[in-house]
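*Asks:* next input, structure requested:
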Amino acid sequence: MTDRERHVKVWAALQKIVRPLMKYGFNETWEETFVDGPFLVIANHTNDLDPLFLSVCFPRNQFYFVASEHIFRQGLVSKILTYLVAPIPRKKASSGADTVKMCLRNLKAGNSVGLMAEGEASWDGRTIPVFSATGKLAKSSGASLVTVRISGGYLTNPRWSNSNRRGKIYARPIHIYSPEDLEAMTPDEVLAHINEDIYENAWENPVKYTGKNLAEHIERAVYVCPECGGISTITSKGNKFKCEKCGMSSCITEYGKFGDGFKFANISEWEDYQTEKFRELISSGITFSDDKISLTRILRNHDEQLLERDAKLSVCGDKLKCGLAEFDLTMINNMSMVQSSRLLFSYDGSYYEIRDEGMTSLRKYLAYWQNKPWEAK
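*Replies:* Below is the predicted model of the structure:
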């Protein structure tokens with residue numbers, strides 16, 4: 001039996017398990033389709049279970065998912081996943097050139113590929129624009145392109161949360177573009193179609209999502225207090241959150257929204273506020289730090305080399321420090337996050353991961369690097 005034959009059999013067997021689980025465990029409904037020939041399927045990224053939410057739409061089309069490199073660092077679990085489904089590794093905070101080559105190699109060999117082209121799950125329930133090179137990838141593949149929109153995934157398990165909520169999930173293919181359709185468009189036109197097709201706003205007509213600890217860990221996502229401007233002063237427990245600096249407090253309802261009287265209706269409005277406010281704060285020269293942080297170098301074979309544990313992480317000017325290690329932010333070409341507490345970046349030919357061992361928001365370090373305040377001086 002070839003690897004491909006094994007993967008097809010595993011796909012068919014998993015469908016018998018996954019489909020009932022998605023239907024009864026997550027209250028998902030979906031539209032099925034069949035695509036003749038190899039295709040690239042692109043869906044919006046709502047949470048870590050998106051490959052399962054997406055796969056049920058294609059019971060007769062086996063394909064290979066692009067997956068974050070960190071899942072290849074799980075020992076025996078990684079070996080089993082590779083044997084059964086052979087995911088395509090995507091190293092976050094890197095150019096992604098190797099991943100693109102592997103996708104094209106699969107498509108040209110007649111294999112289909114599944115991709116969440118945003119690169120990361122949404123923090124606030126709104127779909128992120130996909131990578132700019134995605135349109136070029138779709139055109140050059142010579143395969144069909146299928147776009148899929150997943151609705152309800154964000155509120156089922158927000159990226160910042162550890163708990164699931166039960167509501168409604170709906171997955172459906174939006175459009176099938178033939179190779180001839182793609183040939184007639186520019187890469188930018190293909191990109192625009194993808195972004196339009198997969199866009200989801202979780203706050204448009206939400207339903208109830210029942211569960212426990214609805215606000216817990218929201219401080220991973222929101223790091224600027226809307227009342228006092230404090231950085232990482234938000235704490236949470238159960239359905240409630242508050243600012244330890246000024247006393248601001250509210251809750252999250254079963255609709256995913258904030259309680260009556262709060263400054264914002266939902267986390268997307270808070271996200272817009274903190275994006276602008278944080279720019280103002282860092283342009284004024286603000287610095288910040290966190291404790292209980294680990295630093296690891298990721299080696300080429302997915303092994304990990306622990307460099308710092310229970311260390312202090314801080315940023316000041318163009319320097320990022322973690323324990324005794326110091327990095328020049330101007331030399332970091334790529335930085336990204338995985339899940340809610342892993343910050344990845346490439347530096348001087350090496351690949352590093354900063355992991356939160358306590359409870360803070362590593363997002364602010366990414367936002368700091370993205371805004372590049374040192375260039376304004």
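
*Asks:* so which strand or helix has the closest residue to residue 305 other than its chain neighbours?
*Replies:* Distance criterion Cβ to Cβ, 6 or more residues apart in numbering; nearest residue to residue 305, sequence neighbours excluded, is residue 297 at 4.3 Å. For glycine as for every other residue, the C-beta is placed from the backbone atoms N, C-alpha and C. Counting by DSSP states H and E, the element that carries residue 297 is strand 288-298.

*Asks:* name the helices or strands packed onto the helix or strand just after that strand?
*Replies:* Going down the chain from strand 288-298, the next helix or strand is strand 304-316, by DSSP H and E. On a contact count with 3 or more Cβ pairs under 8 Å, 6 or more residues apart in numbering; DSSP states H and E, strand 304-316 meets strand 288-298, strand 319-322, helix 363-371.

*Asks:* nearest to residue 350, of those?
*Replies:* strand 288-298 (5.7 Å; Cβ to Cβ).

*Asks:* name the surrounding residues that touch the closest one.
*Replies:* 69, 73, 231-232, 304-315, 322-323, 325, 344, 350-358, 360, 362, 364 (Cβ atoms under 8 Å, 6 or more residues apart in numbering).

*Asks:* which among those residues count as buried?
*Replies:* Buried by 16 or more other Cβ atoms under 10 Å: 69, 73, 231-232, 307-308, 311, 313-315, 322-323, 325, 344, 351-356, 360, 362, 364, out of the contacts of strand 288-298.

*Asks:* quick check: pLDDT value at residue 93.
*Replies:* We have a pLDDT of 63 for residue 93.

*Asks:* tell me who's in contact with residue 246.
*Replies:* Contact analysis of residue 246 by Cβ under 8 Å, 6+ apart lists 225, 227, 228, 230, 233.

*Asks:* farthest pair in the residues you listed?
*Replies:* Counting by Cβ to Cβ, the most remote pair of those is 227 and 233, 9.7 Å apart.

*Asks:* quick check: neighbours shared by those two?
*Replies:* By Cβ under 8 Å, 6+ apart, the residues touching both residue 227 and residue 233 are 243, 246.

*Asks:* between the two, which is the more surrounded one?
*Replies:* residue 233 (18 against 13; other Cβ atoms under 10 Å).

*Asks:* got the buried residues for the strand holding residue 297?
*Replies:* So strand 288-298, judged by 16+ other Cβ under 10 Å, has buried residues 288, 290, 293, 294, 295, 296, 298.
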